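J.: this one's structure only:
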């Protein structure tokens, strides 16, 4: 297993025109968590995701665990990442 395979990958469900989505992504990138990977998925590109989330984005997930919705909670994300490390 390479070093990157053990690092967490968070998924940010988002959409292109959403200012809250842009804000959450920017804040995630500024968290300072070394090796954190973020996959941004545009819900408008998938009918199932668009139906699932509707206008209710951004949503930050790790696997099946929802970490944040609408606004980033940096303390919660850091605590969660510390717990899974």
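T.: Great, that's in hand. Owing to the predicted nature of the structure, the values given are computational and were not obtained by experimental measurement. Numbers count the residues shown, from 1 in each chain.
J.: ok, residue 30 - how many residues close by?
T.: Using other Cβ atoms under 10 Å, residue 30 has 10 neighbouring residues. Where you see a C-beta, it was placed from the backbone N, CA and C, and this is true even at glycine.
J.: actually residue 9, sorry about that
T.: 14.
J.: Against residue 11, how distant is the residue lying closest to it once chain neighbours are set aside?
T.: Nearest residue to residue 9, sequence neighbours excluded (Cβ to Cβ, 6 or more residues apart in numbering): residue 37, at 4.3 Å. Distance of residue 37 to residue 11, given as Cβ to Cβ, to the nearest Å: 10 Å.
J.: So if I had to pick from the two, which one is more boxed in?
T.: Set side by side, residue 37 and residue 11 show more neighbours around residue 11, with 16 against 11, by other Cβ under 10 Å.
J.: Going by contacts, tell me the helices and strands next to whichever strand or helix holds the more buried one.
T.: Residue 11 is part of strand 9-14 when elements are defined by DSSP states H and E. Under the contact criterion of 3 or more Cβ pairs under 8 Å, 6 or more residues apart in numbering; DSSP states H and E, strand 9-14 touches helix 19-29, strand 37-42, strand 59-62.
J.: can you redo these as JSON lines with distance to residue 68?
T.: Below are these laid out as JSON lines (distance: least, Cβ to Cβ, whole Å):
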{"stretch": "helix 19-29", "distance to residue 68": "7"}
{"stretch": "strand 37-42", "distance to residue 68": "12"}
{"stretch": "strand 59-62", "distance to residue 68": "4"}
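J.: Give me whichever of those is most buried.
T.: Using mean count of other Cβ atoms under 10 Å, the stretch among the helices and strands packed on strand 9-14 with the largest mean neighbour count is strand 59-62, at a mean of 20.
J.: Sounds good, over and out.
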